[in-house]
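Visitor: Provide a 3D model corresponding to the input given below.
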Amino acid sequence: AKLYYARGYSMLDGDGILKAGGVKIIKVSVHLEEDPPEVWKPYPNVKTQPNSKNRKLVLFNIGGTLIEGTIHNREAQAVNNVHEISVEIKEDFRGYSDKIVLAALLRNEGWAEDQIKGAMPDLLRELDQVHKRSFREGSIKIMPGVLALLNTLKEHDVLLGLTTANLKTIARRKLEAVGLYSYFSVGGFGDDPHTTRADLIRLAIQRAGFEDAKDQVYIIGDTQRDIFAANEAGIVHSIGVSNGDDIQPFYDAGAEAAFESFTNTANVLAKLGISAKPASSSS
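Guide: Okay, the predicted model is just below:
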């Protein structure tokens with residue numbers, strides 16, 4: 001007897017039992033074309049429209065900015081599962097997208113660019129499954145001051161979005177676990193078409209309708225790479241959060257402001273150029 005199954009779509013349970021019973025297991029790869037950029041939708045699915053005068057767009061990183069960052073090895077695990085290649089993450093990939101990390105792991109194994117492109121759809125699907133299998137809702141913690149800051153920004157009619165290394169499904173899974181997903185209307189994600197982190201910022205800005213209002217866009221992240229990406233995307237307003245560490249590296253990278261945490265909402269609002277009174281308040 002023969003059993004065919006598609007690598008990258010599921011894990012095969014009980015393969016040892018099947019082999020012992022004389023079943024020949026044949027793994028096949030199914031390669032689908034990546035979705036063209038025009039079919040990608042905002043996050044969540046909302047209409048984008050030109051920015052109204054003076055409205056601000058604030059784009060947040062996720063891990064280490066909105067929620068506690070975690071050390072993981074899911075990209076290596078996805079490569080191992082799909083292609084049975086034992087790879088390890090030995091470099092510092094903080095701030096790099098899931099897609100870029102996957103490509104780097106394959107390049108380290110000597111893969112050509114066309115091979116990497118062909119393998120990417122299966123790897124991204126498996127990456128999401130790796131995260132889904134290991135995810136525990138109680139493991140996600142909101143960073144200090146974040147909830148108060150988000151609520152205040154919404155009161156001021158600030159459009160909130162994400163620029164994250166995570167796949168869209170992984171980002172949603174994390175944020176829904178702590179009730180933050182609904183705050184965000186747009187974003188650029190690790191499975192969107194991109195070659196650099198700056199591309200994700202540009203895509204989020206395009207989806208939000210702020211291409212002609214970049215002076216009203218603010219990027220907030222927890223690594224220097226977030227600041228570098230903002231600079232590369234032509235965004236002058238970038239803010240770092242150090243989570244208790246030294247804030248000087250953010251200024252060295254070109255940040256307009258930096259904080260140890262978001263616990264002082266008024267100070268953050270001031271750096272965002274927002275007055276203390278909500279937009280709906282009258283004088």
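Visitor: can you name the residues that contact Ala255?
Guide: With contact taken as CB atoms under 8 Å, 6 or more residues apart in numbering, Ala255 is in contact with Ile227, Ser238, Ile239, Gly240. Backbone N, C-alpha and C define where each C-beta goes, glycine included.
Visitor: swap in Lys132?
Guide: With CB under 8 Å, 6+ apart, Lys132 has these contacts: Arg173.
Visitor: same check on the one 3 residues further on?
Guide: Remark: with contacts taken as CB under 8 Å, 6+ apart, Phe135 is in contact with Arg173, Lys174, Ala177.
Visitor: the last one is in contact with Lys141, isn't it?
Guide: No - if you go by CB atoms under 8 Å, Ala177 and Lys141 don't touch, sitting 10.0 Å apart.
Visitor: more neighbours, the two?
Guide: Legend: neighbour count by other CB atoms under 10 Å for Ala177 and Lys141, higher for Ala177 (17 against 12).
Visitor: ok, for the more buried one, nearest residue in space, not its chain neighbours?
Guide: Counting by CB to CB, 6 or more residues apart in numbering, Ala177 lies nearest to Glu137, which is 4.2 Å off, once chain neighbours are set aside.
Visitor: state the mean pLDDT of stretch 217-228.
Guide: Averaging pLDDT along stretch 217-228 yields 95.
Visitor: what is the subsequent helix or strand relative to the helix or strand where Ala76 lies?
Guide: Here Ala76, judged by DSSP states H and E, is contained in helix 74-83. On the C-terminal side of helix 74-83, the closest following helix or strand by DSSP H and E is helix 98-108.
Visitor: and that next one with helix 74-83, angle?
Guide: If you take axes from the mean of the first three to the mean of the last three CA atoms, to 10 degrees, helix 98-108 sits at 60 degrees to helix 74-83.
Visitor: who are the packing partners of helix 98-108?
Guide: Using 3 or more CB pairs under 8 Å, 6 or more residues apart in numbering; DSSP states H and E as the contact criterion, the elements in contact with helix 98-108 are helix 74-83, helix 113-134.
Visitor: the very next helix or strand once past the longest one packs against which elements?
Guide: Pointing back at helix 113-134 there. Downstream of helix 113-134, the first helix or strand assigned by DSSP H and E is helix 146-155. With contacts taken as 3+ CB pairs under 8 Å, 6+ apart, helix 146-155 sits against strand 159-163, helix 265-271.
Visitor: on that earlier part again, how much space between the residue nearest to Ala177 and Gly179?
Guide: 11 Å (CB to CB, to the nearest Å).
Visitor: as a markdown table, the helices and strands packed on helix 146-155 with mean pLDDT, distance to Asp192 and mean neighbour count would be great.
Guide: Listed next are these as a markdown table, based on pLDDT from 0 to 100; distance: least, CB to CB, whole Å; neighbours: other CB atoms under 10 Å:
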| stretch | mean pLDDT | distance to Asp192 | mean neighbour count |
| --- | --- | --- | --- |
| strand 159-163 | 97 | 10 | 26 |
| helix 265-271 | 96 | 27 | 15 |
